[in-house]
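[1] pasting the structure only:
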């Protein structure tokens, strides 16, 4: 049986090409993700706000995102200085993120979110407008 001296070099070259090819595979663009309100309206007072993070091309929910920026204010009604505290809550539904807040007035509220999606570079940032009813 003949052994070829170039076999190890060929094997190494094939491994290098396959690694380079996998490194250049197109990952999803961070713009392919968005938050969506589960409910457009909530009752004034203590409220639970639920949002869904989805991958827009296929509509699938995105679990395990790291939400690091949250703000809830009345910017839609021209009162962005009227902000309230918002606290994360546990959720049992994959891709749904819940927050507890006290909505002191009826009207338009803007929920601003920033999140990191695992395996993606960049930040998902959305501003969602909901309505607090009396």
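    Alright, I've got the coordinates. Computed from a predicted model, the values in this text were never measured in an experiment.

[2] what about residue 121, helix or strand, and which?
    Following DSSP states H and E, there is no helix or strand that holds residue 121.

[3] I figured it hits residue 30, correct?
    Yes: under the criterion of Cβ atoms under 8 Å, residue 121 makes contact with residue 30 at 6.9 Å. Where you see a C-beta, it was placed from the backbone N, CA and C, and this is true even at glycine.

[4] Pick out whichever of these two has more residues nearby.
    residue 30 (15 against 9; other Cβ atoms under 10 Å).

[5] Can you tell me the closest non-neighbouring residue to the more buried one?
    residue 122 (3.4 Å; Cβ to Cβ, 6 or more residues apart in numbering).

[6] Number of residues surrounding that neighbour?
    Neighbour tally, residue 122, other Cβ under 10 Å: 11.

[7] per-residue pLDDT, it?
    In the predicted model, residue 122 carries a pLDDT score of 96.

[8] wait, it sits on residue 33?
    No: if you go by Cβ under 8 Å, residue 122 and residue 33 don't touch, sitting 9.2 Å apart.

[9] Mind listing the residues bridging to residue 128?
    residue 111 (DSSP bridges).

[10] Next, the contact list for it, please.
    35-37, 51, 110-113 (Cβ atoms under 8 Å, 6 or more residues apart in numbering).

[11] Mind giving me the ChimeraX select for those, buried ones only?
    Filtering the contacts of residue 128 down to the buried ones (16 or more other Cβ atoms under 10 Å) takes a single ChimeraX command:
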select :35,37,51,110,111,112,113
